[in-house]
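> Got a sequence here, can you model it:
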Amino acid sequence: MSVEALLPRSGRSVEEAINGLLASLMENGVVDAVLVPMELPSGQNVTQALIRDRSKLQSAVPVSPVMPVNSATVVSNLTVDQGKGKLGVVLRSCEARALVELVKLKQASLENVVVISVDCPGSYTVADYASMTGSMGGGAPKAHRFMEKALQGDTLAWDGHGLRPACQMCDRPAAEFGDVRIGFFGLTSKDALSVELSDEIAAVGLEKLGLAEGKAEGRAAVVDQLVKQREQARDAAFAEVRAASGSPAGLLSYFSACLTCHNCSVSCPICYCKQCVFTTATFEHSSSQYMRRAERKGALRMPGDTVLYQLTRMNHMVTSCVGCGQCESGCPSRIPLAAIFRSVGQKVQAIYDYVPGRSLEEPPPVTTFREKELSFVSR
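Numbering: from 1, shown residues only. Model prediction:
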C-alpha cells in the first residue's frame with residue numbers, strides 16, 4: 001500500500017523542492033545519510049555523493065541531466081555487507097530497476113535502505129554535458145534549467161546535443177519502484193510535485209516531511225505520451241540492429257570495432273562477477289597459438305576473441321538488462337551496445353515472460369528451475 005501526497009514548490013525549483021524533502025527525511029530520522037548526485041566544484045560534471053550533513057544538500061541535483069554511473073552499482077557497494085545506518089538512495093528509473101535485479105542476484109541488500117525514485121527525463125553523455133556547461137559560460141546548468149521542457153515530457157535537445165541513445169528509447173521513464181516515488185511529468189512550473197510514500201514513511205506524518213494531502217493531476221497523460229514517443233525510437237533502433245545483424249557477417253561488423261577494453265562490463269550494473277573469465281589467463285594466448293591459428297585461417301583478426309567476449313557477456317546478463325546504456329557510454333569505439341543488447345533482451349525476456357526490475361518477488365529466469373519452462377522448444 002502507498003499514500004499519495006503533494007510536495008509544494010513554494011517558489012522553489014524542482015530540485016530545490018526534492019532537496020527539501022531529502023532534508024526532512026534526514027531531520028526526522030527516516031534516513032541517516034542520502035546517496036544523491038552532486039555537482040562537482042568545476043560545475044562541468046556530477047558525481048554520486050553520500051551526504052550526512054543536511055546543509056550539503058544545497059549542491060545536490062537529484063534530477064541530474066548527466067549519468068556518469070548507474071547508481072545501483074554504488075548502492076551494491078554500500079549495502080552488500082549490510083552496513084549499519086539507514087541509507088536513502090535517490091535513483092532514476094533504470095537505476096531502481098537495476099537495483100531490484102542486483103538484490104535478487106544477492107549483490108545488494110535493501111535492509112535499512114529507503115529507495116527514493118524520481119521521474120527521469122533522460123541524460124546527456126558526460127562529454128556532451130561538459131561541453132554544454134562550457135557553452136553556458138562555465139556555470140553548471142542546474143537541473144531546473146532543463147525542467148521547463150522536462151515537465152511536459154520533452155526529449156530535451158539542448159544546444160545541438162541530444163539525449164544518450166539509451167535515454168531516447170527508454171520506455172519506462174517514470175518513477176515506479178521505491179519507498180518514496182517523486183513525479184513531475186505533466187506538471188506546470190508552479191505545480192506541487194507528486195509523491196507516493198510507503199505506509200511506514202507516511203506514518204512519520206506528512207506535515208513533518210513538508211508534504212500536503214492531495215493528488216497531482218495530469219501526470220498520466222504526459223507519461224503515456226512520452227512512453228509512446230520513446231517506443232517509436234526504440235522500435236526503429238531495434239529494427240535497424242536486427243536487419244544489420246541477421247547474419248554472422250552482420251554481427252561481426254557490429255563488433256568489429258571492439259577493443260576488448262572491457263569498459264562495457266565495468267560500466268554495466270548487472271555485470272557483477274569479481275573475476276571475469278576474459279581477464280584471466282584463459283584468454284592470454286601464446287604467440288605460437290596465434291601463429292597456428294593464423295596459418296590455419298590464412299588471416300587472424302587482432303585483437304582476437306572480441307565477438308566471443310560480447311556474446312558471452314550478453315548471455316550472462318541479457319535477461320536482467322534494464323537498458324541504462326552505461327555499456328555504450330563507456331565504449332570508446334561508440335558501438336551501439338544499448339540497442340544491440342536491448343533488442344536481444346526484448347526477445348529473450350519475452351520468452352520467459354520476465355521484465356527486469358518489475359518485482360522483487362519474481363526470480364530471474366536463469367537462477368531457478370521450472371519444470372514446464374521452454375516446453376515449446378521440444379514440440
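> how does this structure divide into domains?
As assigned by automatic domain parsing, the chain contains the domains 2-226, 247-378.
> Tell me how far stretch 254-271 lies from the chain's centre.
Chain-centre distance of stretch 254-271: 16 Å, with Cα atoms, centre = their mean, to the nearest Å.
> separation between residue 119 and residue 226?
9 Å (Cβ to Cβ, to the nearest Å). The C-beta positions use only the backbone N, C-alpha and C, and glycine is treated the same way.
> shared neighbours, those two?
173, 185 (Cβ atoms under 8 Å, 6 or more residues apart in numbering).
> which of these two has more neighbours?
residue 119 (28 against 24; other Cβ atoms under 10 Å).
> follow-up on the earlier one: what would the domains of the chain look like in TSV with distance to residue 238 and mean pLDDT?
TSV is the format used below for these (distance: least, Cβ to Cβ, whole Å; pLDDT from 0 to 100):
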stretch	distance to residue 238	mean pLDDT
domain 2-226	8	87
domain 247-378	4	86
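> Can you report how many residues neighbour the closest residue to residue 101 other than its chain neighbours?
Distances taken as Cβ to Cβ, 6 or more residues apart in numbering put residue 320 closest to residue 101, at 4.3 Å, once the chain neighbours are dropped. By the measure other Cβ under 10 Å, the count of residues near residue 320 is 26.
> Residue 320 reaches residue 103, doesn't it?
No: if you go by Cβ atoms under 8 Å, residue 320 and residue 103 don't touch, sitting 11.2 Å apart.
> Now do the helices in the stretch 251-379 of the chain.
263-267, 287-297, 306-317, 326-329, 337-351 (DSSP state H, counting those that start in this stretch).
> Packed most tightly, which of these would that be?
Among the helices of the stretch 251-379 of the chain, the stretch with the highest mean neighbour count (mean count of other Cβ atoms under 10 Å) is helix 326-329, at a mean of 26.
> CA atoms of that one as PDB?
The C-alpha trace of helix 326-329 is given here as PDB (Å, rounded to 0.1, in the frame of the first residue of the first chain):
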ATOM      1  CA  GLN A 326      26.100   2.600 -19.500                       C
ATOM      2  CA  CYS A 327      27.800   0.000 -21.600                       C
ATOM      3  CA  GLU A 328      27.500   2.200 -24.700                       C
ATOM      4  CA  SER A 329      28.500   5.400 -22.800                       C
END
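> Residues contacting it, please?
67, 69-70, 125-126, 164-166, 263-265, 267-269, 334-338, 341.
> Please name the nearest non-neighbouring residue to residue 52.
residue 33 (4.9 Å).
> how far away is that neighbour from residue 363?
Residue 33 is 30 Å from residue 363, by Cβ to Cβ.
> Thought residue 35 was touching residue 78, still the case?
Yes: counting by Cβ under 8 Å, residue 78 does reach residue 35; the two are 6.9 Å apart.
> how near is the residue of the chain most remote from its centre to residue 289?
Taking Cα atoms, centre = their mean as the measure, the residue most remote from the mean C-alpha position of the chain is residue 295, 44.9 Å away. From residue 295 across to residue 289, the span is 11 Å (Cβ to Cβ).
> Residue 26 too?
58 Å.
> How about residue 32?
For residue 32 relative to residue 289 (Cβ to Cβ), the value is 55 Å.
> out of the domains of the chain, nearest to residue 233?
Smallest distance to residue 233 across the domains of the chain (Cβ to Cβ): 4.5 Å, for domain 2-226.
> just to revisit the earlier point, what's the overlap in contacts for residue 78 and residue 35?
50, 87.
> those strands in the stretch 1-150 of the chain, which residues are they?
2-7, 33-39, 46-51, 87-91, 113-118 (DSSP state E, counting those that start in this stretch).
> What strand or helix carries the closest residue to residue 169 other than its chain neighbours?
What sits nearest to residue 169 in space, not counting adjacent residues and going by Cβ to Cβ, 6+ apart, is residue 234, at 3.7 Å. Applying DSSP states H and E as the criterion places residue 234 in helix 219-244.
> is it possible to export the helices of the stretch 251-379 of the chain to TSV including distance to residue 49?
As requested, the helices of the stretch 251-379 of the chain are exported to TSV (distance: least, Cβ to Cβ, whole Å):
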stretch	distance to residue 49
helix 263-267	19
helix 287-297	46
helix 306-317	27
helix 326-329	19
helix 337-351	26
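> quick one: which of those is nearest residue 95?
helix 326-329 (9.9 Å).
> Near residue 228, how many other residues are there?
11.
> roughly how far apart are it and residue 84?
Distance from residue 228 to residue 84, by Cβ to Cβ: 45 Å.
> Residue 341 - nearest residue in space that isn't next to it in sequence?
residue 321 (5.3 Å).
> pretty sure the residue nearest to residue 52 contacts residue 54?
No: in this structure residue 33 lies outside contact range of residue 54 using Cβ under 8 Å: 10.2 Å.
> Would you mind listing the residues touching both of those two?
Joint contacts of residue 33 and residue 54 (Cβ under 8 Å, 6+ apart) are residue 26.
> The nearest residue to residue 340 once chain neighbours are set aside and residue 306: what is the separation?
Spatial nearest neighbour of residue 340, chain neighbours left out: residue 241 (5.5 Å); criterion: Cβ to Cβ, 6+ apart. Distance check for residue 241 against residue 306: by Cβ to Cβ, it reads 18 Å.
> again, but for residue 273
19 Å.
> picking up where we left off before, my read: the residue nearest to residue 169 touches residue 342, true?
Yes: using Cβ under 8 Å, residue 234 is in contact with residue 342, at 7.4 Å.
> which residues do the two both contact?
residue 169.
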